[in-house]
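Enquirer: From the sequence below, what's the structure:
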Amino acid sequence: MNLRTREIITRTFRLRQSPGVERSKTTPHYNIGLFSTVQPQELSHSPNVRVIISRALIYRFLLLTTASLLFTSCQQSYLTVQTDYLSYKNLASYYVGTPDPRMNCPPIGQRLIISWSVPKSFLCYENLHLEVIIRFRNRQEQIELFNISNQRGTYVYTILNNDFIEKQGILTYKIDLVANDCVLEEWRHQIWAELIEIPYESLPAPDQLQEAPDIDWEG
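Expert: Numbering: from 1, shown residues only. Modelled structure (predicted):
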């Protein structure tokens, strides 16, 4: 590698922050960075410089492609869902220290807080609503429907006291944002799974069930 080639490579590496190569409109040379220039004849006699420029262009292309993919994949969610438990700590008197008869028998339960933020165009859809499917720990299931008429809002489902004790709290849930009989967005709890329903007619009759054979565990 001669001295001229080393000088060209040194000037190229000095400003790798702008690795693009563009043709100057005023003088017959190529701009590499902000302060260094290379003559066309220098490029033709310096294969190392051409390799460096090619790699810089490839890096820039990959960077722009990655950025565009990240931008398109980060779409805003229309629904935000969270759950929490209710107890005496939810009473203001617990923190302020004021007398409160509810502290003697505070409410206990659980609530599901659903917030939405939708584009204004969604309000033109027919029958825009939330469809909330809740499964409790006693294996019961409940469906709640809530109509939406504003771009932003919050719906709170609460289960308290005896109802909470009987159903043993919320196990899992699924929320659908529905309009025009189409699901616009879906929010699922981590352990949500669709139930497999078996028709009653396909179940075997009790007299057709075979008893499990006795197993001699000691033998």
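
Enquirer: Going by C-alpha atoms from here, please, whenever you check contacts or count neighbours.
Expert: Noted.

Enquirer: Domain-wise, how is the protein divided?
Expert: Here the domain assignment for the chain is 3-73, 79-193, based on automatic domain parsing.

Enquirer: Compare these and say which comes out lowest on pLDDT.
Expert: Out of the domains of the chain, domain 3-73 stands lowest, with a mean of 56 (criterion: mean pLDDT).

Enquirer: Let me know the distance separating residue 180 from residue 133.
Expert: As judged by CA to CA, to the nearest Å, residue 180 and residue 133 stand 19 Å apart.

Enquirer: how many neighbours does the residue lying closest to residue 113 once chain neighbours are set aside have?
Expert: Spatially, and ignoring its direct neighbours in sequence, residue 113 is nearest to residue 156 (4.6 Å; CA to CA, 6 or more residues apart in numbering). The number of residues packed near residue 156 is 12, by other CA atoms under 10 Å.

Enquirer: I'd assumed residue 156 was in a helix, is it?
Expert: No: Residue 156: not assigned to a helix; according to DSSP: H, G, I helix; E, B strand; the rest coil it is strand.

Enquirer: need the contact list for it.
Expert: Taking CA atoms under 8 Å, 6 or more residues apart in numbering, we find residue 156 in contact with 111-114.

Enquirer: Tell me where the protein has strands.
Expert: 21-23, 30-32, 36-38, 79-86, 109-117, 129-136, 141-147, 152-160, 170-179, 182-188 (DSSP state E).

Enquirer: before we move on, the earlier item: which of residue 180 and residue 133 has more residues huddled nearby?
Expert: Neighbours were counted for residue 180 and for residue 133 using other CA under 10 Å; residue 133 has more, 16 against 11.
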